[in-house]
Each structure stands twice: as C-alpha cells, then as structure tokens.
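Sequence first, predicted model second:
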Amino acid sequence: MSNIKYILGSFGDPDELMHGIEKLQENNISIYDVYTPMPIHGIEAKLGIKRSRIDIAAFCFGITGTCAAFALIYFCAVIDWKVNIGGKPSFALPDFIPIMFELTVLFCAFGMVLSYYASTHLFPGRAPRVMDLRATDDRFVIAVDAKENAEHTVIDGLLKGAGALEVKYNERKYISYE
Amino acid sequence: MGTHNFNFSEQFEFTGKAKTLSIVGIVLGIAAIAYGFFSGHQERTFANLLLMGYYFACVCMSGSFFLAVQYVAQAGWSAAILRVPQAMAKTLPIASVILIVIAGAGLFLQHDIIEHGQTVTAPYLYKHWATHGLAEKGSEHYDAIIAGKSVFLNIPFFLGRLVIFLGIYSFFAIKFVNLSYNEDLNGGLNSYRTSFKNACIFLVIYGFTTPIFAFDTVMSLEAHWFSTMFGWYNFAAMWVSSLAAISVILILLRRAGYMQWVSNSHLHNLGQLVFGFSIFWTYVWFAQFLLIYYANMPEETVYFYKRFEYYKFWFFLNLAMNFLAPVLLLMDRDNKRTDKKLLFVAIVVLLGHWVDYYQMIMPGAVEDGSNGFGVIEIGTALGFVGLFTFTVLTALSKKPLIAKNHPFLQESLHHQL
C-alpha cells in the first residue's frame, strides 16, 4: 500500500483540462476536485457540482437584518421613547423603511462573507491550503483521490493522453504556504 | 453549447396574424380616440394620447439607450439580440413626431373651463402653465408662482426643447442603426469604434436631458408642484418598460421560430435587468415619496394627496405591479430562464408602467371630473400597442435578424450564465 493520497494532473490549457475531465469520466474515475486560476464556463455542469446555496443563506441573513432593524426602531420610536416628528404617528412605517433596507443589506453582506469564509476554510490570518501552488498561477489542475481509484497507471496515462504537462503524486493532501 | 448552424441572413417576415392584429389595434385606437373627442371627453382623450405618446417615445428612446449602454460597456452577451432594440430605435423618429404633434395640439387647441366660478379659455394640455394670462401682471388670471417659472415654462421654449431633445435622441438612434447595417456590409471594427464614440456622447446627453424631458412632458401638467426626483423616477420607468418590451419581442420571435440563437442565458440576463431596474424604479419612487411624506409641506404633499384620495386603487396597483410582481416572480434563477414566466412578468411590468404613467398624468391633466377608466383608456392603449408592434416589426423585417459582423458575436452565441 503506497502512501500516495492524491494524483494531480496539471494542464496548461483550459480546453485540454476539459478534455481530461471527459476522459476520466468516460473511464469511471471519480474526480476529487479541479483547481483553476480563473473561472471556466460550463465546468460546474461538467463536474456535476451542485448549485451554491449562498442565495438561501443571503435571504436568511437579509430577513434577519430586516427584522432586527424593525424591532430596534419599533422599540425606540414606538415603545420606549416617543418623539413627535412633524405631527406624525409614532408608528410611521415609511420612515422605518430606509433603515430596514440598510440593515438588510448590511446583515446580508456580512453574513455572506462569513459563510463564504466558513465554507472555504478561509479566514484572515489563516494560511491558505492548496493542493498545487501553480493552480493559483498558470496551471489547471485535476485532483484524483488515489485511495479510491486504484489503477494509478491508467489515470496517469489518461491525464497525459489528454495533454497534462505534469502528473504529480502527493503524499500529503495540501501544500501549505507556511 | 449549441450548434453553430444558424442562418445569419434570416429575416423576419411581417405577415399573418401579427400584422392583422396590429392593424386591428390601430383601427380600434383611432375609433376610441374619435369616440373620445365626439363624446365630449376631449380633455380626457388628450391626456390619454399624451400618456401613450409619451410611453411610445420612451420605450423607443430607451431602445437606443440600451444600444448605447451595450457599446459603452463593450458588452458581449447582447450582440446577438441587438436587432430588436435597433428596430425600436429606428421607430423613435415616428414616435417623436407623434409625441410632438400631441403636445403641440394640446397646447394650441383651446376650450372653456370653469375655474373658481369664472370661465377661462385654457388649452387641453398643460393648462396649469400654458393658459393665456397666467404669467402676465395685471391679468385677472395672474399667478405669481407660474409667472416665476415662465422663463422656463413658456410655449416656444417648451416645444423647442421637446423638438431638440427628441431630435437628438432620434439622430443618435438612427446613427447606431445605420452603423450596424454598415457593419453587416463591410465588416471590420470601424463601425464598432464609431458606435462606441457616439454612444459615449449620447449617454452624456441622454443622462442630462431625460430628467428635463420628463419634467416638461409629465411633471409640468401640475406646474405648481415639483420634485427633483421626478426625472430619475421617469427614467427608471421608461428604461424598465423598454427592457420588458425587448424581452417580450424576443420571446415571441423565438416562439415563432426566429432567432433560435437566443438562449435561456440571454433571457436570464434580460430577466436580471428587468428585476434589477424594477427595484431601482421602486427605490426612486420611494425616495420621492418618503421625502415628501417626511417633510410634510403642503405644496409638496398636494401631489400625493390627490393620488391617495382619488386614485387610491391605482396608487397601490402601481406598486403591486411594478415592485411586488417582479420581485416575487423574478427573484428565482429558474424563473428568469423560463420563457413563459419571464414573458408573464414582462407583460405585467409593461401594463404596470401604463398604470404608473396613468397615475402620474391623469390627476393633473383631467380635472373636469370626467376622469376614469373605460373605452377611451383601453382603446388608446390598444391603438398605440398596435402602432408600436406595426412600426417595430416593420423595421425589424427590413434587415437580417442578427448583426453578423459584430465583433462580439461569437461571445454572444456562446453566452452562458
């Protein structure tokens, strides 16, 4: 039993990468993940990645903000300390809307940034972990789990056949910047 | 990724049901307008003509605005659908002439009205400032506020502005269209570069003049009242209704078997724009409302007082159709990509902006008590919808449905969201 954890095929061209993904899928080899230095159209559909649920999170954060703002103003202006402004009733809903809107945006924005950090294991001060440093620069990398897919020579051949410039066998999952 | 066997010389044939229905619409419109004039509702008919003439011109103006925005942003996604806004831009001169004729006729045709117990000879449109004697000291109708505004609001300057603004918009609209046709013939980047330059100039002019155009055409109906938000509010309304019109035309063309290169991703983009600018419209609408509500000054609140007392149904219907409908129905990604749902929302938004213009224009223009909703409103609207369909589809049928030498065409054909 070897200690190889991941096989990384590193490509110089996004089209060849897409071709490599197809090749691996045709041979029923499951792909762990793909790392690219730029977004590639249609890659999510090809890899069968589920749609991000950030929109649902955004809605929940946003509605929390709306309710928080409403509760705050309602408590201040209607319950705790009524102020007569232009003879209007204390509970003048149109006045509340700008603040409700702003807090919705604020909660939504912060909430989305925090969920993004949480889901990508990023956080200020944390050293980012990557599988191949050049995937952040000029290489397009396909990672295959070596434990799940036993025939390493076949994978090697497929990746090289599709145009991989280099195939690496990593014994550690991540290379750290540290 | 679709196939690449599209026929780039495909042309729209304007025949059959579309042609018949648009002509029926025009005939119904003429009948309704004639009925309005001969049944003693001249003022109300004029208000309706102004409403639809303004709507027609605004949708076509925003068609050329759409073109300019795409050029300036160097947008690639829209290259394959540009012929639809181009057809709208090409219709702008006709729409401009109609609007100028309506405004001119409304200003010069006079009738007697009874105001504060005395008979006054007033024009059918813009009587709040165009009635003779309002700005003359010593006249029995002298009005100090209107006199103060008469440097700006007088008939020659008013009509002059209208003609110059619409003339400039039409000039650029035709220029964009012709440059794109040249591109079809000659290829190369020259047409695109010239369009880019013209679009920059056009956008600056358009940005500064549309608020004034809206102040003139609609806000001056109630000349005592003013709001600086009004121009942007109208800009948002005309832009979102034009986007909805583009969506409707594209979806119907695609259903009829034309423009098969229009993918759901293009609809998604248009859906996003309709969604986003509906919210922008609400934002501006609310900004205008909130300031007036909050400041609570009588000379400002009179505007909303009228709408809230006599047009309450329309006031809330306006918000429901232009804000709630797009927000709730277009929020979801899949809804923007489903042509049935986008078509439905686009039609709701188009009808909604009729309601929007209705409650902007009617309370100020029709004060003889004959206001309402009936044959004249529906008929005039149908007439202009027929006219819009007829002129835009005629313009569309003249040239191929795709700008085949547009530099970003491939990007647009492969557009994916």
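Sure, I can see it. Everything quoted here is computed from the prediction, not taken from an experiment. Residues are numbered from 1 along each chain as shown, chains lettered A, B, ... in the order given.

after the worst-scoring helix or strand of chain B on mean pLDDT, next one along is what?
Least confident helix or strand, chain B: strand B:110-115 with a mean of 83, by mean pLDDT, DSSP states H and E. Using DSSP states H and E, the next helix or strand after strand B:110-115 towards the C-terminus is strand B:118-123.

ok and that next one relative to strand B:110-115, angle-wise?
Interaxial angle, strand B:118-123 versus strand B:110-115 (axes from the mean of the first three to the mean of the last three C-alpha atoms, to 10 degrees): 140 degrees.

What pairs with strand B:118-123, parallel or antiparallel?
Sheet pairing of strand B:118-123 (DSSP bridges) gives strand B:110-115 (antiparallel).

show me where chain A has strands.
A:6-11, A:33-35, A:129-130, A:140-145, A:166-170, A:175-176 (DSSP state E).

Using a markdown table, lay out those strands together with mean neighbour count, distance to chain B and mean pLDDT.
C-beta: built from backbone N, CA, C; applies to glycine. Listed next are the strands of chain A as a markdown table, based on neighbours: other C-beta atoms under 10 Å in any protein chain shown; distance: least, C-beta to the nearest C-beta, whole Å; pLDDT from 0 to 100:
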| stretch | mean neighbour count | distance to chain B | mean pLDDT |
| --- | --- | --- | --- |
| strand A:6-11 | 24 | 20 | 90 |
| strand A:33-35 | 18 | 17 | 91 |
| strand A:129-130 | 14 | 27 | 80 |
| strand A:140-145 | 24 | 18 | 90 |
| strand A:166-170 | 16 | 28 | 86 |
| strand A:175-176 | 12 | 32 | 70 |
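
Just the buried positions in stretch B:400-407, please.
Residues of stretch B:400-407 classed as buried by neighbour count (16 or more other C-beta atoms under 10 Å in any protein chain shown): B:401-403, B:405-407.

Which pair of those residues spans the longest distance?
Largest separation among the buried residues of stretch B:400-407 by C-beta to C-beta: B:Leu401 and B:Pro407, giving 18.1 Å.

Find the residue ranges of chain A scoring beneath the pLDDT cut-off.
Within chain A, the segments meeting pLDDT under 70 span A:1, A:176-178.

near chain B, which residues of it show up?
By C-beta under 8 Å from any C-beta of the partner chain, the residues of chain A that approach chain B are A:41-42, A:55, A:86-88, A:94-95, A:97-98.

Just the closest residue of the stretch 101-250 of chain B to chain A, please.
B:Met229 (14.2 Å; C-beta to the nearest C-beta).

Kindly apply the preceding question to the stretch 251-400 of chain B instead.
Closest residue of the stretch 251-400 of chain B to chain A, C-beta to the nearest C-beta: B:Asn296 (4.6 Å).

I figured that residue hits A:Lys88, correct?
Yes. The criterion here is C-beta atoms under 8 Å, and B:Asn296 meets it with A:Lys88 at 7.3 Å.

give me the number of residues near residue 115?
I went with chain A, as the question did not name one. With neighbours defined by other C-beta atoms under 10 Å in any protein chain shown, the count for A:Ser115 comes to 17.

Actually, chain B is the one I wanted.
Count around B:Glu115 with other C-beta under 10 Å applied: 13.

With B:Gln70 instead?
By other C-beta under 10 Å, the residues close to B:Gln70 number 22.

Surely it is in a strand?
No. B:Gln70: not assigned to a strand; according to DSSP: H, G, I helix; E, B strand; the rest coil it is helix.

Find the nearest non-adjacent residue to it, please.
B:Ser78 (4.8 Å; C-beta to C-beta, 6 or more residues apart in numbering or on different chains).

Could you confirm that neighbour falls within a strand?
No. Assessed with three-state DSSP, B:Ser78 is helix; it does not lie in a strand.

how far out from the middle of the chain is the helix or strand where B:Trp285 lies?
Element membership of B:Trp285 [criterion: DSSP H and E] is helix B:264-295. Distance, stretch centre to chain centre, for helix B:264-295: 15 Å (C-alpha atoms, centre = their mean, to the nearest Å).

Tell me the buried residues in the next helix or strand after it?
Sequence-wise, the next helix or strand downstream of helix B:264-295 (DSSP H and E) is helix B:298-310. Buried residues in helix B:298-310, counted by 16+ other C-beta under 10 Å: B:300, B:303-304, B:306-307.

Can you lay out these as CSV showing distance to B:Phe6 and pLDDT?
Shown next, in CSV, are the buried residues of helix B:298-310 (distance: C-beta to C-beta, whole Å; pLDDT from 0 to 100):
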residue, distance to B:Phe6, pLDDT
B:Glu300, 55, 91
B:Tyr303, 51, 93
B:Phe304, 51, 93
B:Lys306, 53, 90
B:Arg307, 49, 91
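
Save those as JSON lines, and put in distance to chain A too.
Listed next are the buried residues of helix B:298-310 as JSON lines, based on distance: C-beta to the nearest C-beta, whole Å:
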{"residue": "B:Glu300", "distance to chain A": "12"}
{"residue": "B:Tyr303", "distance to chain A": "15"}
{"residue": "B:Phe304", "distance to chain A": "11"}
{"residue": "B:Lys306", "distance to chain A": "18"}
{"residue": "B:Arg307", "distance to chain A": "15"}
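
Distance check, B:Ile113 against B:Gly104.
Applying C-beta to C-beta, to the nearest Å, the value for B:Ile113 to B:Gly104 is 20 Å.

Repeat that for A:Ala150.
Counting by C-beta to C-beta - A:Ala150 and B:Gly104 are separated by 85 Å.

So those two - more neighbours on which side?
B:Gly104 (16 against 8).

Now do the contacts for the more buried one.
B:Leu159 (C-beta atoms under 8 Å, 6 or more residues apart in numbering or on different chains).

domain ranges for chain A?
Following automatic domain parsing, one finds the domains of chain A at A:6-51+A:129-176, A:54-120.

Check B:Leu343 and give its pLDDT.
Model confidence at B:Leu343, given as pLDDT, is 96.

If you could redo that for B:Ile201, that was the one I meant.
At B:Ile201, the model reports a pLDDT of 97.

Which helix or which strand is home to it?
Going by DSSP H and E, B:Ile201 is part of helix B:190-217.

name the helices or strands packed onto that helix?
In terms of contacts (3 or more C-beta pairs under 8 Å, 6 or more residues apart in numbering or on different chains; DSSP states H and E), helix B:190-217 is packed against helix B:42-72, helix B:155-186, helix B:230-255.

List the buried residues in that helix.
B:191-192, B:194-195, B:198-199, B:202-203, B:206, B:209-211, B:213-217.

Same check on stretch B:370-378?
Result for stretch B:370-378 [16+ other C-beta under 10 Å]: buried residues B:370-371, B:376-377.

Among those, which lie within helices?
Among the buried residues of stretch B:370-378, the members falling in helices (DSSP state H) are B:376-377.

mind giving me CSV with the buried residues of stretch B:370-378 and columns for distance to chain A and pLDDT?
What follows is the buried residues of stretch B:370-378, written out as CSV (distance: C-beta to the nearest C-beta, whole Å; pLDDT from 0 to 100):
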residue, distance to chain A, pLDDT
B:Ser370, 32, 73
B:Asn371, 27, 78
B:Ile376, 34, 93
B:Glu377, 29, 94
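
Out of the buried residues of stretch B:370-378, which is nearest to B:Phe315?
Among the buried residues of stretch B:370-378, B:Asn371 lies closest to B:Phe315 (C-beta to C-beta), at 14.0 Å.

surely the closest one meets B:Gly364?
No. Using C-beta under 8 Å, B:Asn371 is not in contact with B:Gly364, being 10.5 Å away.

Tell me which residues are up against stretch A:71-83.
Under C-beta under 8 Å, 6+ apart, the answer for stretch A:71-83 is A:90-91, A:96, A:99-100.

And those, which of them are buried?
For the contacts of stretch A:71-83, buried by 16+ other C-beta under 10 Å: A:96, A:100.

Flag every residue of the stretch 51-200 of chain B that's near chain A.
So the stretch 51-200 of chain B never meets chain A (C-beta under 8 Å from any C-beta).
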